[in-house]
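> Predicted coordinates and the sequence they were generated for:
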Amino acid sequence: MSARIALTILFTIAMVWLWLPYFFTPKEPKPIVENVASIPDYIATDLKQTNFNESGTVSHKVMARKMSMYQDLGFTHFEKPQFTIFSEQGVWQLTADEATLYNNEKLILEQNVIAKSLTPNIMLNTIEAASVEYLINSKLMTSQSEVKMTGPGLEIKGQGLNANLEEQVIKLINHTKTTYYDQ
């Protein structure tokens with residue numbers, strides 16, 4: 001019986017010795033899988049694009065240092081964008097440090113936003129704000145941030161803005177100061 005016990009102990013020791021490296025092998029870390037949503041479907045640098053409306057005339061032009069399109073999420077991000085908007089009443093150029101386009105309908109411009117009229121002899125030449133929302137189809141521009149508008153001999157400051165670029169109607173939500181300059 002002692003031979004049987006000795007063989008069992010010997011067998012157990014051999015099994016533990018053979019399986020020991022398996023139990024104490026350091027586990028390899030799982031590879032980090034990037035979130036699929038953080039990977040753009042398409043990236044363009046030095047983008048230049050012209051868009052036309054249904055009648056075939058130029059609706060707007062887009063230029064940007066970089067564009068990243070996220071198709072599944074329904075938005076496109078722009079770095080240093082410049083949007084030129086054409087209407088029957090005039091031409092406006094919107095620039096910012098960043099912009100995000102949602103479903104090719106709503107454009108949100110952020111950081112150092114400047115809307116500049118390229119139409120001569122207009123009352124307001126520029127509109128400056130921290131952020132602006134622009135609806136492409138209706139050509140409506142809104143902002144809730146502090147706004148500064150300038151024109152020939154004129155500077156208007158306020159909070160918030162509603163503008164219809166098609167009809168050239170701009171309304172300041174909360175007017176704070178108007179300054180007229182001698183010319």
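Perfect, thanks for sending it.

> For residue 49, name its beta-bridge partners.
residue 62 (DSSP bridges).

> As a check, name the ranges of all strands in the protein.
Shown for the chain, the strands assigned by DSSP state E span residues 42-52, 58-70, 75-79, 82-86, 91-95, 98-102, 106-117, 126-135, 140-151, 154-164, 169-180.

> tell me the mean pLDDT over the fifth one?
Taken as a whole, strand 91-95 has a mean pLDDT of 92.

> next one: it to chain centre, how far?
Strand 91-95 sits 17 Å away from the centroid of its parent chain (C-alpha atoms, centre = their mean, to the nearest Å).

> What strands line up against it, and which way round?
According to DSSP bridges, strand 91-95 forms sheet pairs with strand 82-86 (antiparallel), strand 106-117 (antiparallel).

> Not counting its own residues, what contacts that strand?
The contact list for strand 91-95, computed with C-beta atoms under 8 Å, 6 or more residues apart in numbering, reads 80-85, 107, 109, 112-119, 132, 134, 141, 165. Any C-beta I mention is one placed from the backbone N, CA and C, and that applies to glycine too.

> For that strand, buried residues please.
91-95 (16 or more other C-beta atoms under 10 Å).

> repeat for the first one
Buried residues in strand 42-52, counted by 16+ other C-beta under 10 Å: 44, 47.

> about what we covered before: right, so of the strands paired with strand 91-95, which gets closest to residue 19?
strand 106-117 (59.6 Å; C-beta to C-beta).

> So for the closest one, what gets flagged as buried?
Buried residues in strand 106-117, counted by 16+ other C-beta under 10 Å: 107-110, 113-117.

> related to what we said a few turns ago, residue 10: which of the buried residues of strand 91-95 is nearest?
Using C-beta to C-beta, residue 95 comes nearest to residue 10 of those, at 82.4 Å.

> Which residues does the closest one form beta bridges with?
Counting by DSSP bridges, the residues bridging with residue 95 are residue 82, residue 114.
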